[in-house]
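Chemist: I'll drop the sequence and a predicted model, then ask my questions.
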Amino acid sequence: MRVSTKELFKHCYGKYAIGAYNINNLEQAVGLFRGNLGKIKTNTDPTDPAVSAPFILQISRGARSYTDKRFLEAIIRAAEQIFPEAIFAVHLDHGTEEVCYDCIESGFYTSVMIDASHEPFEKNIEITRRVVQRAHEKGIVVEAELGQLGGVEEDIKADVKLTDPDQAAEFVERTGCDSLAVAIGTSHGVAKFKGAQGVRFDRLEEIQKRLPPGYPLVMHGASAVPQELVDRINAAGGALKETSGVPEDHYLKAAQMGVCKINIDTDGRLVWCAVYRESFRDNPADFDPRTPGKIFMPAYAEYIIHKNKMLGAAGKLEEVRQFLQQA
Ligand SMILES: [Zn+2]
């Protein structure tokens, strides 16, 4: 069931965070749905209520243009039928104004992110406000971004510019955006803290204080970049150097300070890369795309379960279902 992040955030605010996971292909989609239902090996495994979680499925502009945006949509519609017990939002990650409008009109997305954070403050407000108006007319919610994360995400490359708490309050007030992605020291990509000191909880606290009570914040660039995965990739021919990530015990701490959505993209890519590299290294005569795919889907499902545990979202699915029914 596709739902709005608005309801999900109401349920989790201050207690736990919802994982926002990017997908680009079929295997990632299957692993993601299975993981959020506690099904590991097959689609028809019983759902495990102890670990089942609501989630946000994110599609980036790069994912939409990788082949054709309709392919991913079709995969998700199929997953919706195969896993009817899943509760999830479909979210556009880092949209431009034009792509936001396309998603708003599609009737498929439940939320969009307008990222005009690279623009000057007034221009960011102007663009965000326009997108919010169009989205709200259709009952769709909007995430915006203020400040700048470092690192590289697809075609976005930036230096860190922490979110200013006073500006955050003014931005939310003037744009009417439903959630705000804040720059609190994290970066996109595999090297999160080059030249920085880590997550700036002091800044997060200042931002939360100045926003209306219960206002949902979003943390981007929150992958953990586990050394174990980096080592596996490098042992199978990879060359990932100077990596660093957000310690997973930071997730709940951030959640308690108003972060409702935590974006995890890089870690999913690392799981994919480790499995595929190892599979072809260990089976050099193999050329079947399904061999690594069969290993990846359960591995990714297990990884999602682990992440949801760290976010505090594991085991919350039935509670959320009841909450939605009462709303
Ligand atoms: Zn991001």
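Modeler: Great, that's in hand. Residues are numbered from 1 along each chain as shown.
Chemist: what about the residue in the chain sticking out farthest from the centre, distance to Gly237?
Modeler: For the chain, the largest distance from the centre (Cα atoms, centre = their mean) belongs to Ala285, which lies 36.1 Å off. Taking Cβ to Cβ, to the nearest Å as the measure, Ala285 falls 17 Å from Gly237. In short, each C-beta sits where N, CA and C put it, glycine included.
Chemist: how about Arg130: what's its closest non-neighbour residue?
Modeler: Glu97 (6.9 Å; Cβ to Cβ, 6 or more residues apart in numbering).
Chemist: low pLDDT regions in the stretch 151-300 of the chain?
Modeler: Low-confidence segments of the stretch 151-300 of the chain, defined by pLDDT under 70: 152-159, 194-197.
Chemist: please, where are all the strands along it?
Modeler: Per DSSP state E, counting those that start in this stretch, the stretch 151-300 of the chain carries strands over the ranges 156-158, 179-182, 187-188, 217-219, 259-264.
Chemist: quick one: buried residues of the longest helix along the chain?
Modeler: When the chain is parsed with DSSP state H, its longest helix is helix 290-311. Residues of helix 290-311 classed as buried under the neighbour-count rule (16 or more other Cβ atoms under 10 Å) are 292-293, 295-308, 310-311.
Chemist: the residue nearest to Arg130 against Thr128, yeah?
Modeler: No - taking contacts as Cβ atoms under 8 Å, Glu97 lies outside contact range of Thr128: 9.1 Å.
Chemist: these two: who's more crowded?
Modeler: Just comparing Glu97 and Thr128: by other Cβ atoms under 10 Å the higher neighbour count belongs to Thr128, 29 against 15.
Chemist: let me see the ranges of the helices in this structure.
Modeler: For the chain, the helices defined by DSSP H cover 5-12, 26-37, 61-66, 69-82, 97-106, 121-137, 165-175, 201-210, 227-235, 250-256, 266-282, 290-311, 317-326.
Chemist: out of the ones you listed, which is the most enclosed?
Modeler: Of all the helices of the chain, helix 26-37 has the most neighbours on average by mean count of other Cβ atoms under 10 Å, namely a mean of 25.
Chemist: residues near the residue lying closest to Gly315 once chain neighbours are set aside, how many?
Modeler: Closest residue to Gly315 apart from its sequence neighbours, by Cβ to Cβ, 6+ apart: Ala50 at 5.4 Å. Close neighbours of Ala50, defined as other Cβ under 10 Å, add up to 10.
Chemist: ok, now which ones touch Ala50?
Modeler: 38, 314-315 (Cβ atoms under 8 Å, 6 or more residues apart in numbering).
Chemist: thinking again about what came up before, so what touches the longest helix of the chain?
Modeler: Residues outside helix 290-311 that contact it (Cβ under 8 Å, 6+ apart) are 16-19, 21, 27-28, 30-32, 34-36, 38-41, 51, 53, 55, 248-249, 251-252, 255, 262, 264, 267-268, 271-272, 275-276, 279-280, 283, 314.
Chemist: tell me the angle of that helix relative to strand 259-264?
Modeler: With axes from the mean of the first three to the mean of the last three Cα atoms, to 10 degrees applied, the angle from helix 290-311 to strand 259-264 works out at 150 degrees.
Chemist: for helix 290-311, C-alpha coordinates in PDB please.
Modeler: C-alpha atoms of helix 290-311 as PDB (Å, rounded to 0.1, in the frame of the first residue of the first chain):
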ATOM      1  CA  ARG A 290      20.800 -14.600 -12.300                       C
ATOM      2  CA  THR A 291      23.700 -16.200 -10.400                       C
ATOM      3  CA  PRO A 292      24.700 -13.000  -8.500                       C
ATOM      4  CA  GLY A 293      21.100 -11.800  -8.600                       C
ATOM      5  CA  LYS A 294      20.000 -14.900  -6.600                       C
ATOM      6  CA  ILE A 295      22.600 -14.200  -4.000                       C
ATOM      7  CA  PHE A 296      22.000 -10.400  -3.900                       C
ATOM      8  CA  MET A 297      18.200 -10.400  -3.200                       C
ATOM      9  CA  PRO A 298      18.400 -12.300   0.100                       C
ATOM     10  CA  ALA A 299      21.600 -10.500   1.100                       C
ATOM     11  CA  TYR A 300      20.000  -7.200   0.400                       C
ATOM     12  CA  ALA A 301      16.800  -8.200   2.300                       C
ATOM     13  CA  GLU A 302      19.000  -9.100   5.300                       C
ATOM     14  CA  TYR A 303      20.800  -5.800   5.100                       C
ATOM     15  CA  ILE A 304      17.500  -3.900   5.000                       C
ATOM     16  CA  ILE A 305      16.400  -5.700   8.200                       C
ATOM     17  CA  HIS A 306      19.700  -4.800   9.900                       C
ATOM     18  CA  LYS A 307      19.200  -1.100   8.800                       C
ATOM     19  CA  ASN A 308      15.600  -1.000  10.000                       C
ATOM     20  CA  LYS A 309      16.800  -2.300  13.400                       C
ATOM     21  CA  MET A 310      19.300   0.500  13.700                       C
ATOM     22  CA  LEU A 311      16.700   3.100  12.700                       C
END
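Chemist: re the thing from before, got JSON lines for the contacts of Ala50, with neighbour count too?
Modeler: Shown next, in JSON lines, are the contacts of Ala50 (neighbours: other Cβ atoms under 10 Å):
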{"residue": "Gly38", "neighbour count": "23"}
{"residue": "Ala314", "neighbour count": "23"}
{"residue": "Gly315", "neighbour count": "17"}
